[in-house]
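>>> mind looking at a prediction? Sequence and model below.
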Amino acid sequence: MDRKTIVIDGNLVYVGDRENARIQIFDRNGQFLRQWKLGSPFGLVLAQDHSLYMADAIAGRILKIDSDGKVVGISPDRNPARDHISIRMKSPWALMVQSSPLKS
């Protein structure tokens, strides 16, 4: 079975295709625009700043991707001094973001 995840941001539709290790970008009319080969997207979520976050369970990481398809953040940080972070995030399958900051 082909599993995909879809996120819409304005006129752009991001389709995560984990079997083919890519995110395809379309316009709202279905016209293919481009693709990013960044890993296997098991989950996609869009933040308020229009950053795209991708859960890659195969690589055991979460990527923060800017609107140009550039990876601007990777979690967990694979720094050996912080190996406990790697252990907590073995296989991220899905993501969610909070729509507003927590109130203290």
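Arrived safely. Values in this document were obtained by computation on a predicted structure and should not be read as measured data. Numbering: from 1, shown residues only.
>>> setting aside sequence neighbours, what's the nearest residue to residue 28?
Here the nearest residue to residue 28 in space, its sequence neighbours aside, is residue 11; by CB to CB, 6 or more residues apart in numbering that works out to 5.4 Å. Placement of C-beta: from N, CA and C, glycine included.
>>> low-confidence ranges in the chain?
Low-confidence regions of the chain, defined by pLDDT under 70, span residues 1-4, 76-104.
>>> what segments of the protein are strands?
With strands called from DSSP state E, the chain shows them at 4-9, 12-17, 22-27, 32-36, 43-46, 52-56, 61-65, 71-75.
>>> name the stretch among those strands that sits most buried.
Comparing those by mean neighbour count (mean count of other CB atoms under 10 Å), strand 52-56 ranks first with a mean of 24.
>>> tilt between that strand and strand 61-65?
160 degrees (axes from the mean of the first three to the mean of the last three CA atoms, to 10 degrees).
>>> what packs against strand 52-56?
Counting contacts by 3 or more CB pairs under 8 Å, 6 or more residues apart in numbering; DSSP states H and E, strand 52-56 packs against strand 43-46, strand 61-65.
>>> run the angle between the last one and strand 22-27 for me.
Spelled out, that is strand 61-65. 30 degrees.
>>> strand partners of strand 61-65, parallel vs antiparallel please.
Its sheet considered, strand 61-65 pairs with strand 52-56 (antiparallel), strand 71-75 (antiparallel) by DSSP bridges.
>>> can you check the first one too?
Here strand 43-46 has these sheet partners by DSSP bridges: strand 52-56 (antiparallel).
>>> tell me the angle the strand it pairs with makes with strand 4-9.
170 degrees.
>>> numbering from 32 from now on, please.
Sounds good: first residue 32 from here, last item strand 83-87.
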